[in-house]
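Asker: heads up, no residue letters with this:
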């Protein structure tokens with residue numbers, strides 16, 4: 001199965017980057033890390049009063065302060081430091097999700113014909129034209 005995925009990194013507690021894949025989900029309100037990613041980070045968790053919901057229903061979550069970096073076309077990191085949700089149930093979330101808290105900063109293009117995901121910001125632009 002081909003999924004719209006972006007590569008990135010999250011800084012571990014010792015400052016080294018952990019390579020991850022993030023599912024681009026324009027319906028997700030926020031970015032959420034999976035249990036296996038959280039286990040590798042070594043970051044302190046903070047309790048969260050919010051429950052997260054999706055296709056599988058509602059689940060409890062925790063939160064971590066982390067720096068997420070996405071890679072631009074030249075493999076340069078673009079950093080986002082924030083408080084991110086973590087779902088500890090691997091059955092509820094098998095892959096970390098890039099949500100609208102970050103996606104809303106960009107024009108998002110999901111090109112299924114070439115299996116390409118693009119996040120664009122000024123000064124870059126795109127146009128859709130017909131024959």
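Answerer: On my side now, so go ahead. Since this is a predicted model, take the numbers as computed values, not measurements. Residues are numbered from 1 along each chain as shown.
Asker: Pairing partners for the residue nearest in space to the middle of the chain in the sheet, please.
Answerer: With distances taken as C-alpha atoms, centre = their mean, the residue of the chain nearest its centroid is residue 98 (2.5 Å). On the basis of DSSP bridges, residue 98 is bridged to residue 24.
Asker: got a list of what it touches?
Answerer: Applying C-beta atoms under 8 Å, 6 or more residues apart in numbering, we find residue 98 in contact with 6, 8, 22, 23, 24, 25, 28, 31. (C-beta placed from N, C-alpha, C; glycine too.)
Asker: Let me see the ranges of the strands in the protein.
Answerer: Secondary structure of the chain by DSSP state E: the strands cover 5-11, 17-24, 32-33, 46-54, 57-71, 77-86, 97-98, 107-111, 116-120.
Asker: Just list what the helix or strand bottoming out on mean pLDDT in the chain packs against, helices and strands only.
Answerer: One helix or strand of the chain scores below all others by mean pLDDT, DSSP states H and E: strand 46-54, with a mean of 75. With contacts taken as 3 or more C-beta pairs under 8 Å, 6 or more residues apart in numbering; DSSP states H and E, strand 46-54 sits against strand 57-71, strand 77-86.
Asker: show me the contacts for the closest residue to residue 78 other than its chain neighbours.
Answerer: Taking C-beta to C-beta, 6 or more residues apart in numbering as the measure, residue 78 lies nearest to residue 70, with 5.1 Å between them; neighbours along the chain are not counted. Taking C-beta under 8 Å, 6+ apart as the definition of contact, the neighbours of residue 70 are 6, 7, 8, 22, 77, 78, 80, 102, 119.
Asker: Buried ones from the residues you listed, can you make that a PyMOL selection?
Answerer: The buried residues among the contacts of residue 70 can be selected in PyMOL (16 or more other C-beta atoms under 10 Å) with this line:
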select buried, resi 6+8+22+80+102+119
